[in-house]
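Engineer: Below is the sequence, then the predicted model.
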Amino acid sequence: MAAAAVPRALSRLCPRRWPALARPAWTGGHRGHRGDSGTAGPARLRWARPAGAALAFLGGFSLFPRDAQEDGEDAIVLLLKRAKMGNVAYMQGQLDNAEKLYKAAMSYMLAGDTKEDDNAILEMSLKLASIYAAQKQDKLAVAGYQFCILTLEEKIAKQKDLPEDVLSAEEKANTRLLLGMSLDSYARYLLNINELSAAQKMYEKALQISNDVQGESHPQSVVLMSDLATVLDAQGRYEEAHTHCRRAAELARDTQHPEEHMVLSNLAAILMHKEDFLQAKQVYKEALKQAQQKGDAASVQHIQEELAELAKRRKGSK
């Protein structure tokens, strides 16, 4: 049997849905700059906790004027502006600018009372890791992802038995969802560099968190289930991939998932690799119909290309 082409993963198309983290991560409040601002050394971001990982220093880099650093309220307003600007630049693909803005915000926060395991710091660290991944700065990307994951795992372990009056269930859930987001992002990076077994483990952990916190039928869980199927399919584990993707397709249909056509496209690709050509064609046709109805031109083009590939395979198998 010919080696299967990797189907287009949902992670390359779908917006990542970790809705509990949709609000700005820094709304928990910045506690202000230390009173010893004149003696504090340059803040630095210590990515590297795993052995051998590279250190990513923030150094003395700052976009904040000195007078703003010494004026509590003005500094906080400027901090929020810089962080918001970083998000806008990140979403627009202006990665160099986003990197500078995130580093500036983190530098200021870490020079104050904010701890390295604060969720706001970790969420910006995750975005920096994603930026480095996109820029092919692999050592920094891996170090960043591992810093986020290990720090969050330790934080969750410490928070596990804290009573509700000390730390609310919502805050605990938010931290777990941030870990899920980190695992998901790292999995997509690993998939892109063909580290399939490692990507699979990250997807499995992310899916478990999403299922536990948000439920199996949540849109994010459906996306992750399909992404896990994709990486299993890429390893030639077609039966396992089919089981996961078929379940994702069922849930997508039952919940009217906005990206149901993408789930179906992944399912059809797995069926094609299983050489179940007739069923693959039927599923592709349904995916194409939905993509056309939703005006998703990129998916329409992709599915049409896959249907052409399917026709070649069917012809070659006769």
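Structural biologist: On my side now, so go ahead.

Engineer: Just confirm Glu275 is within a helix.
Structural biologist: No. Following the definition DSSP: H, G, I helix; E, B strand; the rest coil, Glu275 is coil and is not counted among the residues of a helix.

Engineer: What ranges does this structure have for its strands?
Structural biologist: Ranges of strands in the chain, per DSSP state E: none exist.

Engineer: my read: Leu126 touches Asp184, true?
Structural biologist: No. With contact taken as Cβ atoms under 8 Å, Leu126 and Asp184 are classed as non-touching, separated by 9.9 Å. The C-beta positions use only the backbone N, C-alpha and C, and glycine is treated the same way.

Engineer: Who has more neighbours out of the two?
Structural biologist: Comparing Leu126 with Asp184 by other Cβ atoms under 10 Å, the one with more neighbours is Asp184, at 26 against 23.

Engineer: what about that one, distance to Glu154?
Structural biologist: 19 Å (Cβ to Cβ, to the nearest Å).

Engineer: Check the most centrally placed residue in the chain and give its pLDDT.
Structural biologist: Within the chain, the residue whose C-alpha comes closest to the C-alpha centroid is Ser185; the distance, by Cα atoms, centre = their mean, is 3.1 Å. Looking at Ser185, its pLDDT reads 96.

Engineer: cool, Asn97 as well?
Structural biologist: The per-residue pLDDT of Asn97 was computed as 86.

Engineer: Just give me the neighbour total for it.
Structural biologist: Counted with other Cβ under 10 Å, Asn97 comes out at 15.

Engineer: What sits closest to it if chain neighbours are left out?
Structural biologist: Counting by Cβ to Cβ, 6 or more residues apart in numbering, Asn97 lies nearest to Ala89, which is 4.4 Å off, once chain neighbours are set aside.

Engineer: Now do the helices in the stretch 51-200 of the chain.
Structural biologist: Secondary structure of the stretch 51-200 of the chain by DSSP state H, counting those that start in this stretch: the helices cover 66-69, 72-91, 95-111, 119-134, 138-159, 169-192, 196-214.

Engineer: Pipe those helices into CSV and attach distance to Lys312 per row.
Structural biologist: As requested, the helices of the stretch 51-200 of the chain are arranged in CSV below (distance: least, Cβ to Cβ, whole Å):
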stretch, distance to Lys312
helix 66-69, 62
helix 72-91, 38
helix 95-111, 38
helix 119-134, 33
helix 138-159, 35
helix 169-192, 25
helix 196-214, 25
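
Engineer: where among these is the average confidence lowest?
Structural biologist: Out of the helices of the stretch 51-200 of the chain, the stretch the model trusts least by mean pLDDT is helix 66-69, with a mean of 42.

Engineer: sorry, back to before: got a list of what the residue nearest to Asn97 touches?
Structural biologist: Ala89 makes contact with Leu95, Asn97, Ala98, Leu101 under the criterion Cβ atoms under 8 Å, 6 or more residues apart in numbering.

Engineer: Restricted to buried residues, select these in PyMOL.
Structural biologist: Here is the PyMOL command that picks out the buried ones among these, judged by 16 or more other Cβ atoms under 10 Å:
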select buried, resi 95+98+101
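
Engineer: Now flag whichever of the contacts of Ala89 is closest to Leu271.
Structural biologist: Distance to Leu271 across the contacts of Ala89 (Cβ to Cβ) is lowest for Leu95, with 36.8 Å.
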